[in-house]
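**Q** Model the following, please.
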Amino acid sequence: MDAGTQASSAETGRGGRVLPQNRDAEESLLAACILDAGQDVLTACVEANLKPESFYLPAHQIIYQVLLELYGSGKPVEEVTLFNALETRQLGSVRWLREKHRKLPEETPLIDLVGGRQVVAEITGRDMAPMLHARQWLELVREKWLLRRLIETASQIADDAYTSHDKLDVFIDRVEQQILGINEVRYADSVKPFSTAVDDASHLIEQILKGQNENGVMTGFQDVDAITFGLHPGQMVVLAARPSMGKTSFGMNIAENAALPLKGRGEPVPTLVFSLEMPAEQLAMRMLCGRARVNMNKVRNKFVSKEQLREISRVGKELKAAPIWVDDSSNLNILELRAKARRLHRKHNLRLIVVDYLQLIAGTDSRVPREQQISEISRGVKGMAKELGLPVLVLSQLNRSSEKENRQPRISDLRESGSIEQDADVVFLLATRQKSEDNAGIPQASHERDLIIAKQRNGPTGEVPLTFIPDFTRFENYSAPISE
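**A** Numbers count the residues shown, from 1 in each chain. Below you'll find the model as predicted:
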């Protein structure tokens with residue numbers, strides 16, 4: 001059975017008219033599901049309540065059925081596993097197909113029903129548009145499916161109207177239920193009673209009043225936590241700074257404080273770090289020396305005491321036992337990053353993700369302007385935070401405006417895209433601490449920093465002083481200098 005046979009065997013409406021469908025959108029969506037390895041695109045299809053019958057062509061229905069089975073079993077969703085499943089699965093193993101093809105032997109391989117390997121190869125080998133259009137293809141397929149359901153329902157209603165013996169109000173009530181049944185698919189699972197949200201909010205308030213804000217991940221910096229009450233599930237938290245301000249150090253200090261909290265400050269928080277700029281061993285060396293309070297330059301110059309070596313060894317054992325995972329892959333795009341985070345979250349129930357840094361994440365389509373790529377990446381990071389139900393701390397660069405104008409940075413200085421500002425729930429800006437009239441006579445070290453809380457959806461903004469110790473590449477709670 002070839003592709004043409006498949007097309008002709010599809011359903012037609014009354015009068016022989018072809019029902020609403022979009023073959024290109026169906027093929028593109030299936031190809032996207034396969035090329036995305038069954039991650040974001042297929043997850044979006046499941047969330048949109050897309051079913052095999054949502055596709056118009058029978059071959060596409062069968063391919064999608066097998067993709068769903070692979071997805072549900074946790075097996076890799078890619079071309080090789082798809083071919084293998086289609087060749088080994090038989091007609092009799094899928095109930096709706098068995099009922100549809102009663103005249104065919106139940107042992108008929110599914111690959112024969114789709115028209116052979118060449119049909120699947122044509123789909124996976126098609127000239128793909130940018131992956132960022134996958135959502136549009138999904139909506140097109142879904143829209144045509146709902147139109148077909150509406151036509152089918154309307155036809156059935158017309159037939160029933162000729163033959164029904166029910167009272168008019170009973171008949172109309174049944175018609176309304178049928179139409180609403182279609183409409184409910186459009187809004188499946190996205191709406192919940194406000195009472196549920198009120199219960200969740202009440203529970204959160206109760207936790208805060210008892211000092212048991214279990215959901216928030218504490219940064220370990222007292223003044224920051226006093227304003228933010230920690231980093232909360234679903235939040236995209238942006239930490240932005242100019243180069244050499246210490247944003248990687250501050251981000252890793254937060255990860256360290258979360259995964260290795262002080263006694264009495266909560267349980268260790270499983271943390272995933274995406275280090276797109278720095279190799280994992282350099283990141284580990286920085287954290288090891290910083291926590292042991294040993295200058296890395298002394299290590300490189302082999303000028304370390306036995307006591308410092310013992311402290312490095314002790315800290316190494318702590319860090320090895322900490323629930324921290326590092327991915328130092330370079331040139332990740334947002335789909336790959338989310339897929340990796342999702343897989344690790346399933347295994348270890350992550351509670352914090354740190355991404356260093358946003359501008360190093362590749363766009364899914366290098367042909368579009370970089371600003372559009374950054375917008376896609378920013379939305380993807382926010383979507384990941386909401387999907388996994390955890391805070392994502394993403395580091396970002398600032399443009400040069402604050403340096404040129406000799407001022408503290410503002411949220412409008414976020415580099416390359418205003419969408420970062422729009423998507424972020426919290427924005428931290430890291431800058432050199434400015435002298436004020438109150439401390440004008442006090443010596444001020446160059447390693448003092450201001451953490452500017454430029455945006456917080458559910459709380460106040462303001463500035464928090466921090467102390468940066470360059471020798472240990474480490475931030476600590478601020479201690480004001482003593483005047484002479």
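**Q** Just want the most central residue of the chain.
**A** Nearest to the geometric centre of the chain sits M384, at 1.7 Å (Cα atoms, centre = their mean).
**Q** Report the buried residues of the helix or strand containing that residue.
**A** In this structure, M384 sits in helix 370-388 according to DSSP states H and E. For helix 370-388, a neighbour-count test (16 or more other Cβ atoms under 10 Å) marks 372-385, 387-388 as buried. For glycine as for every other residue, the C-beta is placed from the backbone atoms N, C-alpha and C.
**Q** Need the contact partners of that helix.
**A** Applying Cβ atoms under 8 Å, 6 or more residues apart in numbering, the set of residues contacting helix 370-388 from outside is 43, 132, 233-236, 334-335, 337-338, 341-342, 345, 350, 353, 355, 358-359, 361-366, 391-392, 394, 416-417, 419-420, 422-424.
**Q** which of those residues are buried?
**A** Using 16+ other Cβ under 10 Å, the buried members of the contacts of helix 370-388 are 43, 132, 234-236, 334-335, 337-338, 341-342, 345, 350, 353, 355, 358-359, 361-365, 391-392, 394, 416-417, 419-420, 423-424.
**Q** Show only the entries of those residues found in helices.
**A** T43, I334, L335, L337, R338, A341, R342, H345, S419, I420, D423 (DSSP state H).
**Q** Look at the second one and report its pLDDT.
**A** This means I334. Per-residue pLDDT puts I334 at 81.
**Q** pull the longest helix from this protein.
**A** The chain, longest helix under DSSP H: helix 134-163.
**Q** Quick check: most distant residue from the centroid of this protein.
**A** Quick read of the chain (Cα atoms, centre = their mean): farthest out is H165, 53.5 Å.
**Q** how far away is that one from C289?
**A** 85 Å (Cβ to Cβ, to the nearest Å).
**Q** K167 too?
**A** Separation of K167 from C289 (Cβ to Cβ): 83 Å.
**Q** more neighbours, these two?
**A** Remark: of K167 and C289, C289 carries more neighbours, 24 against 9, as counted by other Cβ atoms under 10 Å.
**Q** As a check, name the ranges of all helices in the stretch 1-150 of the chain.
**A** 3-8, 23-35, 40-47, 58-73, 79-88, 95-100, 110-113, 117-124, 134-163 (DSSP state H, counting those that start in this stretch).
**Q** And the fourth one, what does it pack against?
**A** Using 3 or more Cβ pairs under 8 Å, 6 or more residues apart in numbering; DSSP states H and E as the contact definition, the elements that helix 58-73 packs against are helix 3-8, helix 23-35, helix 40-47, helix 79-88, helix 110-113, helix 117-124.
**Q** what about the residue nearest to R474 when sequence neighbours are not counted, which helix or strand?
**A** Spatial nearest neighbour of R474, chain neighbours left out: G290 (4.2 Å); criterion: Cβ to Cβ, 6 or more residues apart in numbering. Element membership of G290 [criterion: DSSP H and E] is helix 280-292.
**Q** in the helix or strand following that helix, what counts as buried?
**A** Later in the chain than helix 280-292, the nearest helix or strand by DSSP H and E is helix 296-300. Buried residues in helix 296-300, counted by 16+ other Cβ under 10 Å: M296, V299.
**Q** Please work out which residues outside the following helix or strand past helix 296-300 touch it.
**A** Moving toward the C-terminus from helix 296-300, the next helix or strand (DSSP H and E) is helix 306-321. Contacts of helix 306-321 with the rest of the structure, by Cβ under 8 Å, 6+ apart, involve L260, A284, M287, L288, C289, R291, A292, R293, V294, K298, V304.
**Q** can you check stretch 233-244 too?
**A** By Cβ under 8 Å, 6+ apart, stretch 233-244 touches 215, 231, 247, 250-251, 358, 378, 381-382, 385-386, 389-398, 400, 402-403, 409, 413-415, 420, 423-431.
**Q** now the end-to-end length of it.
**A** Taking Cα to Cα, to the nearest Å, stretch 233-244 runs 29 Å from one end to the other.
**Q** And for stretch 318-335?
**A** End-to-end distance of stretch 318-335: 33 Å, with Cα to Cα as the criterion.
**Q** repeat for stretch 289-305
**A** 13 Å.
**Q** For it, the averaged confidence score.
**A** Per-residue pLDDT over stretch 289-305 has a mean of 81.
**Q** go on, stretch 79-91?
**A** Per-residue scores along stretch 79-91 average to 84.
**Q** In that stretch, which of the residues would be classed as buried?
**A** By 16+ other Cβ under 10 Å, the buried positions in stretch 79-91 come out as E79, T81, L82, F83, A85, L86, R89, Q90, L91.
**Q** Count the residues that sit near N477.
**A** Using other Cβ under 10 Å, N477 has 13 neighbouring residues.
**Q** ok, back up a step: specify the local secondary structure of the residue farthest from the centre of the chain.
**A** coil (DSSP: H, G, I helix; E, B strand; the rest coil).
**Q** Tell me how the chain divides into domains.
**A** Domain assignment of the chain by automatic domain parsing yields the ranges 3-152, 210-477.
**Q** How far off centre is the shortest one?
**A** By that I understand domain 3-152. Chain-centre distance of domain 3-152: 25 Å, with Cα atoms, centre = their mean, to the nearest Å.
**Q** Tell me if I am right that S396 is in a helix.
**A** No - per three-state DSSP, S396 lies outside any helix segment and is strand.
**Q** Verify the stated contact: R433 with V464.
**A** No - R433 lies out of contact with V464 (Cβ atoms under 8 Å); the separation is 10.4 Å.
**Q** picking up where we left off before, quick one: the residue nearest to R474 and F475 touch, right?
**A** No - taking contacts as Cβ under 8 Å, G290 lies outside contact range of F475: 9.3 Å.
**Q** So between the two, which is more surrounded?
**A** More crowded of G290 and F475, by other Cβ under 10 Å: F475, with 27 against 22.
**Q** Please report the distance of that one from A280.
**A** The gap separating F475 from A280 is 21 Å, by Cβ to Cβ.
**Q** go on, K404?
**A** Distance, K404 to A280, by Cβ to Cβ: 35 Å.
**Q** for D425, same thing?
**A** Distance, D425 to A280, by Cβ to Cβ: 28 Å.
**Q** Which one's more surrounded, the two?
**A** Relative neighbour count places D425 above the other of D425 and A280, with 20 against 14, counting by other Cβ under 10 Å.
**Q** How about the more buried one, nearest residue that isn't a chain neighbour?
**A** With sequence-adjacent residues excluded and distances taken as Cβ to Cβ, 6+ apart, D425 is closest to Q235, at 4.1 Å.
**Q** List phi and psi for the one you found.
**A** Q235 adopts backbone torsions of phi -90, psi 140, taken as degrees, to the nearest 10.
**Q** Distance check, it against P409.
**A** 21 Å.
**Q** Please apply the same query to P233.
**A** 28 Å.
**Q** Does I179 touch Q156 like I think?
**A** No - look at I179 against Q156 with Cβ under 8 Å: they stay out of range, at 11.3 Å.
**Q** Before I go, just wanted to say thanks for your time.
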